[in-house]
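Enquirer: Build me a model:
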Amino acid sequence: MRRDAWWIELIPVVIVLGGFGIYATVRAFEGHYYEWGPYLSPFYSPLIDPHHHWWPFSPAILILGAPLGFRATCYYYRKAYYRAFFLDPPACAVGEARPHRYRGETAFPFILQNLHRYFLYLALIFLIILWYDAVRAFWFDSASGKYFGVGVGSLVLLANIILLSCYTLSCHSLRHIVGGKVDCFSCVTFGGPRHSAWRSTSFLNEHHMLFAWLSLTSVGLADFYIRLVATGAITDLRLL
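Expert: Next up, the predicted model:
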């Protein structure tokens, strides 16, 4: 019944999400150019020694499962790719192309979407690791040891982890765990701190879609920048 150009909003989702999927897959199997100086690509963190012969493939294949699972089962991303790639449904108040028996996410493989909360726990661990990488990116090697410095790559990795933190901490599941299931904060243990945490996650949750796209872009750009520096295509500009 909609007569407006509702399909236009699907185009950027297909381009950005599809393009990121292709790029991340290529980089995951490439297995090279993911480290330069103190910089480490978020696709390859935590760093697995590639010289260990027990895993002959790219170390990113072992790493990307948890972050990919967290994003693939994310409530917002599910809405985005269900509409853009499956056209199920194409948009609000838009009929589907063919009739089918609706079973929601109760049958395989979509029942696996219910693992989102467990992928959140893994994502929080990866968040700590990536914060370590971001701090480490400000410490450069010299003949006399490590010294504090600021390069463009340092700022790229810092901006990336900030956006990833905003995306992860704005997660619907985290908001529910913190206080979404509590009807009376004054009636539970640590009700005051839980209410404050719930309000903070609620504020972030309002912008979850924005953080989803910004963090997706930042993680791709961070990896791309490090690859350019590692291959010698560009030189990392030292600011301090």
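Enquirer: and Asp4, backbone torsions?
Expert: phi -80, psi 170 (degrees, to the nearest 10).
Enquirer: neighbours around it, how many?
Expert: 7 (other C-beta atoms under 10 Å). Any C-beta I mention is one placed from the backbone N, CA and C, and that applies to glycine too.
Enquirer: Might you list the low-confidence residue ranges for this protein?
Expert: 50-53 (pLDDT under 70).
Enquirer: mind checking the longest helix of it?
Expert: What stands out as the longest helix in the chain, according to DSSP state H, is helix 208-231.
Enquirer: List the buried residues for that one?
Expert: 208-209, 211-216, 218-220, 222-223, 225-230 (16 or more other C-beta atoms under 10 Å).
Enquirer: Can you get me a residue count around Cys74?
Expert: Per other C-beta under 10 Å, the neighbour tally for Cys74 reads 24.
Enquirer: That one and Gly149, how far apart?
Expert: Distance, Cys74 to Gly149, using C-beta to C-beta, to the nearest Å: 35 Å.
Enquirer: chain center to stretch 82-90: distance?
Expert: 21 Å (C-alpha atoms, centre = their mean, to the nearest Å).
Enquirer: do the same with stretch 155-166
Expert: 11 Å.
Enquirer: okay, it in CSV with CA atoms only?
Expert: Output of stretch 155-166 as CSV, limited to C-alpha atoms (Å, rounded to 0.1, in the frame of the first residue of the first chain):
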residue,chain,number,x,y,z
LEU,A,155,44.2,7.9,16.7
VAL,A,156,42.5,5.6,14.1
LEU,A,157,42.7,2.6,16.6
LEU,A,158,41.5,4.8,19.5
ALA,A,159,38.5,6.1,17.5
ASN,A,160,37.7,2.6,16.5
ILE,A,161,37.7,1.2,20.0
ILE,A,162,35.6,4.1,21.3
LEU,A,163,32.9,3.4,18.6
LEU,A,164,33.1,-0.3,19.2
SER,A,165,32.6,0.3,23.0
CYS,A,166,29.6,2.5,22.3
